[in-house]
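J.: here's my sequence, what's the structure:
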Amino acid sequence: MTAVVGALVLAAGYSRRFEGQKLTATINKKNPITVYEETINQLANAYPEISHIIAIIQKGAPSKLPLTKATTIEYPSDQIGIGESIAFGSQYISSWEGCLICLADMPFIRTETYKAIASRVTATNIVIPKFNGIVGNPIAFGKDHFQVLNELKGDEGARKVLKNHQNLTLEVETNDPGVLYDIDTPNDLLNAERRFAGLE
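T.: Numbering: from 1, shown residues only. Have a look, this model is predicted:
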């Protein structure tokens, strides 16, 4: 039986530094698509290496976000840190062999990168991508680490788990600068659009 590897997409933040909802911002003026849509599309194109996509979204957000191939689950509170978002989402992934923890505001990661990470995760390891030696996202965790993810709180992200399991971490060097580009401010989006303008 093929191991089930899925993606948990963190999309419940409030984009306070963006001065608006960054996930619905458009990243391609010629063929309009939102930050959120493109992130999910790149993940969906990674099938069958990634067979499930779950997005944790803001309470009341379904009417604001476009429909995608992700299963959306609303976080039940208005207050959320990245740790709570991961912990909340981890209750839905227990049947998976591995899980990629993805940020919804990273639309420039290539499908090939997601495939490379997903194909290397096992029940026991952790997989991280690098570009020019710099660690990026997403980070993939084997199911042996799901309980630790379930215990994260506040703004404790998945990188905290890495520090305690360096001996189980596999580094994958990529040629994908998108693993380093998240969108926090309008200027971030403008700079990323300029850098990735010639890329598919």
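J.: so which residue is dead centre in this structure?
T.: C102 (1.1 Å; Cα atoms, centre = their mean).
J.: for it, list the residues it contacts.
T.: A7, L8, V9, L10, T39, L43, N137, P138 (Cβ atoms under 8 Å, 6 or more residues apart in numbering). Where you see a C-beta, it was placed from the backbone N, CA and C, and this is true even at glycine.
J.: for G178, state which of those is nearest.
T.: Ranked by distance to G178 (Cβ to Cβ), those are led by N137 at 9.3 Å.
J.: just to check, the closest one is in contact with Y181?
T.: No. If you go by Cβ atoms under 8 Å, N137 and Y181 don't touch, sitting 9.4 Å apart.
J.: overlap in contacts of these two?
T.: With Cβ under 8 Å, 6+ apart as the test, N137 and Y181 both reach M106.
J.: ok so, going back, so the residue nearest to the centre of the chain belongs to a helix, correct?
T.: No. For C102, which was evaluated using DSSP: H, G, I helix; E, B strand; the rest coil, the result is strand, with no helix membership.
J.: quick one: it and N187, what's the gap?
T.: As judged by Cβ to Cβ, to the nearest Å, C102 and N187 stand 23 Å apart.
J.: likewise for M106?
T.: For M106, the distance to N187 - Cβ to Cβ - is 16 Å.
J.: who's more crowded, the two?
T.: Neighbour count, other Cβ atoms under 10 Å: between M106 and N187, M106 has more, with 23 against 11.
J.: surely the more buried one touches D184?
T.: No. Look at M106 against D184 with Cβ under 8 Å: they stay out of range, at 10.7 Å.
J.: so which residues make contact with stretch 24-35?
T.: 18, 22-23, 36, 38, 41, 64-66, 104-105, 107, 183, 186, 189, 192-193.
J.: now swap in stretch 174-189 and tell me
T.: Stretch 174-189 is touched from outside by 17-19, 22, 25, 27, 35, 103, 105-110, 112-113, 116, 129-131, 134, 136-138, 192, 195-196, with contacts defined as Cβ under 8 Å, 6+ apart.
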